[in-house]
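K.L.:
Predicted model follows, preceded by the sequence.
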Amino acid sequence: MDKTPQKGKLYLIPNRLGDLPPLEVLPLSIRKVISEIDHYIVENEKVARHFIKKVVPSKSQPSLDFKLLNKFTSELEIPDFLDTCEQGINMGLLSDAGCPGVADPGAQVVALAHQKNIRVVPLVGPSSILLALMSSGLNGQNFTFHGYLPIDNQERKHFVKKIEKASIDNSQAQLFIETPYRNNKLLISLITTLQASTRISVAVDLTLSTEFIKTQTAAEWKKTSIDLHKRPAIFTIQG
């Protein structure tokens, strides 16, 4: 008989994209998982505690254990992050917003779980990238997500022309994001850099009451007035 201890699972737990009550945008299965898990890998402990309290108000906060995975985390720390799973206890990888590992920290920990033969369980939740693509009317069969574009003006223009060509050559939607306080500047840059007929889709404040989603050509955007300042946005283009 195999007496090897059974390992715990790593649950990938999505978060809200804004401040709506969690169960308005998340399935009940997330409440069940959070009620049973005390060990978490998170970007920000304060944000994680707030979310957990919102989902399961009765959960004991002092019993929670957090490991931080963000830009300050040392590469030397990560190999020990799943020791709790190795001991047979389930853990949760919790995003600050959206889905863990998708335009979000977490991929290194998920890769580690696969290396250690720890079962990974992804839970259903909102992904701003997929929601933007779904609602864009652009090619959901063939697309690329680029993350952030170059900050330098000339580098950004060159990159935008490059991905516009790829979108035309391959009939491929091209998705990217920007730091929210630079959104307006980016949209102006897209309008002036892209061909007049290239479609630009802007999806802002997804799942929130202020949600705005619009797809039209660069020429049409020149006639549109909208303030995107400090509003989380996903941009998609296709020539």
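P.N.:
Cool, got the structure.

K.L.:
Need the contact partners of the longest helix along the chain.
P.N.:
In the chain, assigned by DSSP state H, the helix with the most residues is helix 153-170. If you take C-beta atoms under 8 Å, 6 or more residues apart in numbering as the criterion, helix 153-170 is touched by 142, 144, 146, 149-150, 172-174, 176, 186, 189-190, 193-195, 198, 237-239. For the C-beta atoms, the positions are set from N, CA and C on the backbone; glycine is no exception.

K.L.:
how about low-confidence regions in this structure?
P.N.:
1-4 (pLDDT under 70).

K.L.:
residue boundaries of the helices in it?
P.N.:
Under DSSP H, the chain gives helices at 22-25, 28-36, 45-55, 83-86, 107-115, 128-134, 153-170, 183-193, 218-221.

K.L.:
What are the buried residues along the third one?
P.N.:
Applying a neighbour-count criterion of 16 or more other C-beta atoms under 10 Å, one finds 48, 49, 51, 52, 54, 55 buried in helix 45-55.

K.L.:
chain center to stretch 62-74: distance?
P.N.:
18 Å (C-alpha atoms, centre = their mean, to the nearest Å).

K.L.:
could you dump that stretch to PDB, C-alpha only?
P.N.:
Extracted C-alpha coordinates of stretch 62-74, given in PDB (Å, rounded to 0.1, in the frame of the first residue of the first chain):
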ATOM      1  CA  PRO A  62      -6.200  35.700  13.100                       C
ATOM      2  CA  SER A  63      -6.000  32.100  11.800                       C
ATOM      3  CA  LEU A  64      -5.100  33.300   8.200                       C
ATOM      4  CA  ASP A  65      -1.500  32.800   6.900                       C
ATOM      5  CA  PHE A  66      -0.200  34.900   4.000                       C
ATOM      6  CA  LYS A  67       2.800  34.600   1.800                       C
ATOM      7  CA  LEU A  68       3.400  37.800  -0.400                       C
ATOM      8  CA  LEU A  69       4.000  37.400  -4.100                       C
ATOM      9  CA  ASN A  70       4.700  40.800  -5.700                       C
ATOM     10  CA  LYS A  71       7.500  42.900  -7.200                       C
ATOM     11  CA  PHE A  72       9.400  42.900  -3.900                       C
ATOM     12  CA  THR A  73       9.400  39.100  -3.500                       C
ATOM     13  CA  SER A  74      12.800  37.500  -3.700                       C
END
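
K.L.:
quick revisit: I'd like to know which of the helices of the chain lies nearest to residue 211.
P.N.:
For these, the distance to residue 211 is smallest for helix 128-134, at 9.3 Å, taking C-beta to C-beta.

K.L.:
Tell me which residues are up against that closest one.
P.N.:
Against helix 128-134 from outside (C-beta under 8 Å, 6+ apart): 17, 97-98, 102-103, 140, 143, 145, 173, 175, 201, 203, 206-207, 213, 232, 234, 236.

K.L.:
ok, so what distance separates residue 53 from residue 61?
P.N.:
Note on residue 53: its distance to residue 61, by C-beta to C-beta, to the nearest Å, is 7 Å.

K.L.:
and if you look at residue 120?
P.N.:
According to C-beta to C-beta, residue 120 and residue 61 sit 26 Å apart.

K.L.:
Equivalent analysis for residue 231, please.
P.N.:
From residue 231 to residue 61 the distance is 31 Å (C-beta to C-beta).

K.L.:
Neighbour count for the two, which is higher?
P.N.:
Taking other C-beta atoms under 10 Å, residue 231 and residue 61 do not tie; residue 231 has more neighbours (18 against 8).
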